[in-house]
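In: this one's structure only:
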């Protein structure tokens, strides 16, 4: 797989928006559609995409015991 992190992030963001997926679902769908093992996609995740996935996992309670940080009142 010869793709830049930026291009991969763009593809995943577009896939998520077009199909009303969260990022985890979009990556899973991309993996299945292209017959690529998920472990091969890990090096393509940039820092921003990793952080967004982490926040989604916490929000959807895919990760137990961790809560989203409370927002500060403005």
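Out: That came through fine. Quantities reported herein were computed from a predicted structural model and do not represent experimental measurements.
In: hmm, residue 41 is touching residue 28, no?
Out: No - with contact defined as C-beta atoms under 8 Å, residue 41 does not count as touching residue 28 (9.6 Å). Using the backbone N, CA and C atoms, a C-beta is placed for each residue, glycine as well.
In: more neighbours: these two, which one.
Out: When neighbours are counted by other C-beta atoms under 10 Å, residue 41 comes out ahead of the other of residue 41 and residue 28, with 18 against 14.
In: report the contact partners of that one.
Out: Residues counted as contacts of residue 41 (C-beta atoms under 8 Å, 6 or more residues apart in numbering) are 1, 8, 27, 30, 31.
In: check which helix or strand covers it.
Out: Taking DSSP states H and E as the definition, one finds residue 41 inside helix 38-41.
In: rounded mean pLDDT for that helix, please.
Out: Averaged over helix 38-41, pLDDT sits at 90.
In: what comes up buried for the longest helix that the chain contains?
Out: Across the chain, the longest stretch assigned as helix under DSSP state H is helix 5-19. Judged by neighbour count (16 or more other C-beta atoms under 10 Å), helix 5-19 contains these buried residues: 8, 9, 12, 15, 16.
In: next, format the residues you listed as CSV and append pLDDT.
Out: Formatted as CSV, the entries for the buried residues of helix 5-19 read as follows, by pLDDT from 0 to 100:
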residue, pLDDT
8, 92
9, 92
12, 94
15, 95
16, 94
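In: grab the nearest non-local neighbour of the residue sitting nearest the centre point of the chain.
Out: The geometric centre of the chain, computed from its C-alpha atoms, lies nearest to residue 23 (C-alpha atoms, centre = their mean), at 3.5 Å. Using C-beta to C-beta, 6 or more residues apart in numbering and skipping the chain neighbours, the partner closest in space to residue 23 is residue 53 (5.1 Å).
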